[in-house]
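In: with the sequence up front, the predicted model follows.
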Amino acid sequence: MEPIVSIKNLNKTYKGGFQALKNINLDIYPGEIIALLGPNGAGKTTLISTICGIAKASSGSITVDGKDIEKDFRDTRSLIGLVPQELTTDAFETPWVTVSFSRGLFGKAKDPAYIEKVLKDVSLWDKRDNMIRTLSGGMKRRLLIAKALSHEPRILFLDEPSAGVDVELRREMWQLVHKLRESGVTIILTTHYIEEAEEMADRIGVIADGELILVEDKKSLMQKLGKKQLMLELRQPLSTLPDALKDFEIELRDEGYTLVYTFDTQAERTGITTVLDTLREAQINFRDLSTTQSSLEDIFVRLVEKD
Amino acid sequence: MNLHAVNAIYRFEMARTRRTLLQSVVAPVITTSLYFVVFGAAIGSRINQVDGISYGAFIVPGLIMLSLLTQSISNAAFGIYFPKFTGTIYELLSAPVSMLEVVLGYVGAAATKALVLGLIILGTATFFVDLHIQHPLVMLMFLVLTAISFSLFGFIIGIWADNFEKLQMIPLLVVTPLVFLGGTFYSVSMLSPVWQMVTLFNPVFYLVSGLRWSFYGQSDISVWISIGIIVFFLAACMAAVAWIFKTGYHLRN
């Protein structure tokens, strides 16, 4: 499958000499949701801004639907919708006016029925004639999404879509994003919220210090880098581990009542059987057992720290 | 060409004027009317004719030019500065629009507003003085060229400015004094030779003089020089705007 967005050797250095992006290479495929994770100042917004034409690349190339974003800017930009991180709106306009303006700006003829649909999709139809400054933060965020969707883009960039949004609204937004994906829209989102990436993304990209550390399918990333833990709740507390278990990644918690064995899910042998056999031989009984898997957040923190 | 975008920007800007009618239209009309009352009727009645024209009628072209220049500049400067200030400029920068289309939208709207206002002030003037325009087409050409040129100039100021003070600085501290010292209220022949020479370095003098010629068929300087100056200024502003879009100056980081 041909990528809908292809980034090759992209570098961006600001006037002051700060290099915000370092040799970024990334292919984004039609219909997928890719989440770009990274700490503050990692370069996520710069990357989005460069693809959308707001910032100029220092070197490298970006194509959208096979076309260069500089040479064929009309074709490429008309495919893209952008929801910025900041709540930047025309305070003295109405949702109807500003969404209609966005549609025209992106070269589309007036279509009141479509504007109505978009405003209804983001639950702002009732507020269509209200001044934007009277809307809540969540409504403004949804309005920015409506503006980005006003010209029926095939690619949607969401820069920190959940920033300052309450939990309920965040869930509503996730539903909207899923619905858009079902209609064939490719979605690229940046986020601080690992939960958001975990919930929505097909692939995860991690950016730190302007470098794309990895891009991986979310499931395989979690499998590859995810560790599992076996938790055994003991009948009697242990003060020290039996010698036979010293070679395993085991620790005692809860004053010796809980034994935690961390194992690699991808290893040829997990070692679970050996651990359990050893406990039986040492006559260490347990009343309950459970397993937990590391979250994307754990993986992210580990990756960024390692880097 | 993305005509939908040009139309969207133009209509958006014109709608802003309709929302702020008091500030955009009523205030300048009242201010200009006060000039007519004070300089035309009160003081003007005690001044002899200037170059064979009653003083009240003599100042009409200059007052129209004053409004045209300040309104062209402020409308265009505010039009492009406000999206920068609020951050909504991201949409313009990421849209499939060319330099020409952005300029057509913003400058077109600013020039239209200034022109309409200029014509309203012309209409207002007829309540105070008897007017007979000898060359109406030339007058219209001057008004259109001036509105477009100075809207372009305002657009440049709007991009250059990074705060409201800078936005107001040139219209208030440069343009208004130039208009006042450009022969709006007097004929340059009334000045001493030294000040006549100084006035020749004031570009607004040529505009006022040219517009006055279109009204009364006489001016301080040849109308062709006036036309040349305004065309040169228009070309210089277009070149500056082209450079801004090419380099992304104050727009794309």
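Out: All right, it came through fine. Numbering: from 1, shown residues only, chains lettered A, B, ... in the order given.
In: tell me the spatial nearest neighbour of the residue in the stretch 101-250 of chain A positioned nearest to chain B, not counting adjacent residues.
Out: Of all residues in the stretch 101-250 of chain A, the one sitting closest to chain B is A:G104 (2.8 Å; Cβ to the nearest Cβ). Just so you know, the C-beta spots here come from the backbone N, C-alpha and C atoms, and that holds for glycine as well. Counting by Cβ to Cβ, 6 or more residues apart in numbering or on different chains, A:G104 lies nearest to B:A8, which is 2.8 Å off, once chain neighbours are set aside.
In: elements contacting the host helix or strand of that neighbour?
Out: Per DSSP states H and E, B:A8 falls inside helix B:3-19. Judged by 3 or more Cβ pairs under 8 Å, 6 or more residues apart in numbering or on different chains; DSSP states H and E, helix B:3-19 is in contact with helix A:95-105, helix B:60-86, helix B:99-125.
In: will you turn those into a markdown table that also has mean neighbour count, distance to A:E251 and mean pLDDT?
Out: Shown next, in a markdown table, are the helices and strands packed on helix B:3-19 (neighbours: other Cβ atoms under 10 Å in any protein chain shown; distance: least, Cβ to Cβ, whole Å; pLDDT from 0 to 100):
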| stretch | mean neighbour count | distance to A:E251 | mean pLDDT |
| --- | --- | --- | --- |
| helix A:95-105 | 23 | 55 | 93 |
| helix B:60-86 | 24 | 54 | 87 |
| helix B:99-125 | 22 | 63 | 89 |
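In: kindly report the residues of chain A close to chain B.
Out: Selection of chain A residues close to chain B by Cβ under 8 Å from any Cβ of the partner chain yields A:14-15, A:49, A:52-56, A:73-78, A:80, A:82, A:84, A:86, A:88-92, A:97, A:100-109, A:147.
In: what does the longest helix seen in chain A contact?
Out: Counting residues, the longest helix in chain A under DSSP state H turns out to be helix A:167-182. With contacts defined as Cβ atoms under 8 Å, 6 or more residues apart in numbering or on different chains, helix A:167-182 is touched by A:31-33, A:121-123, A:138, A:141-142, A:145, A:149, A:156, A:158, A:161-162, A:165, A:187, A:189, A:193, A:196, A:199-200.
In: could you give me the average pLDDT of that helix?
Out: Averaged across helix A:167-182, pLDDT comes to 83.
In: OK, contacts around whatever residue of the stretch 51-200 of chain B ends up closest to chain A?
Out: The nearest approach of the stretch 51-200 of chain B to chain A comes at B:G87, 3.3 Å away (Cβ to the nearest Cβ). Applying Cβ under 8 Å, 6+ apart to B:G87 gives the contacts A:84, A:86, A:88.
In: same question for B:A8.
Out: By Cβ under 8 Å, 6+ apart, the residues touching B:A8 are A:100-101, A:103-105, B:105.
In: equivalent analysis for B:F36, please.
Out: Contacts of B:F36 (Cβ under 8 Å, 6+ apart): B:56, B:59, B:63, B:124-125, B:128-129.
In: can I get those in a markdown table with distance to A:S6?
Out: Converted to a markdown table, the contacts of B:F36 look like this (distance: Cβ to Cβ, whole Å):
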| residue | distance to A:S6 |
| --- | --- |
| B:G56 | 69 |
| B:I59 | 64 |
| B:L63 | 59 |
| B:T124 | 60 |
| B:A125 | 62 |
| B:F128 | 67 |
| B:V129 | 68 |
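In: let me know the pLDDT of the residue of the stretch 51-200 of chain B closest to chain A.
Out: The model reports B:G87 with a pLDDT of 83.
In: secondary structure element holding the residue lying closest to B:I80 once chain neighbours are set aside?
Out: Distances taken as Cβ to Cβ, 6+ apart place B:G158 nearest to B:I80, at 3.8 Å, with adjacent residues excluded. Per DSSP H and E: B:G158 is located in helix B:136-160.
In: sketch out the low-pLDDT regions of the stretch 101-250 of chain A for me.
Out: Along the stretch 101-250 of chain A, the model assigns pLDDT under 70 to residues A:164, A:223-226.
In: now do the strands in it.
Out: Applying DSSP state E, counting those that start in this stretch to the stretch 101-250 of chain A gives strands spanning A:155-159, A:186-191, A:203-208, A:211-217, A:227-234, A:250-253.
In: now those as CSV including mean neighbour count?
Out: Output for the strands of the stretch 101-250 of chain A, formatted as CSV (neighbours: other Cβ atoms under 10 Å in any protein chain shown):
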stretch, mean neighbour count
strand A:155-159, 24
strand A:186-191, 25
strand A:203-208, 23
strand A:211-217, 17
strand A:227-234, 16
strand A:250-253, 14
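In: could you dump those into CSV and include distance to B:H4?
Out: Formatted as CSV, those follow (distance: least, Cβ to Cβ, whole Å):
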stretch, distance to B:H4
strand A:155-159, 20
strand A:186-191, 24
strand A:203-208, 34
strand A:211-217, 36
strand A:227-234, 54
strand A:250-253, 64
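In: out of these, nearest to B:I221?
Out: Minimum separation from B:I221 across the strands of the stretch 101-250 of chain A (Cβ to Cβ) falls at strand A:155-159, 55.8 Å.
In: between that closest one and helix A:167-182, how big is the angle?
Out: Using axes from the mean of the first three to the mean of the last three Cα atoms, to 10 degrees, the inter-axis angle of strand A:155-159 relative to helix A:167-182 is 160 degrees.
In: run through who's touching strand A:155-159.
Out: A:4-5, A:28, A:44-45, A:48, A:51-52, A:64, A:79-85, A:145, A:148-149, A:177, A:180, A:185-190.
In: how about it as CSV, C-alpha atoms only?
Out: Provided in CSV are the C-alpha atoms of strand A:155-159 (Å, rounded to 0.1, in the frame of the first residue of the first chain):
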residue,chain,number,x,y,z
ILE,A,155,-6.1,13.4,6.5
LEU,A,156,-6.8,14.9,9.9
PHE,A,157,-4.1,16.1,12.2
LEU,A,158,-5.1,16.4,15.8
ASP,A,159,-2.6,18.2,17.9
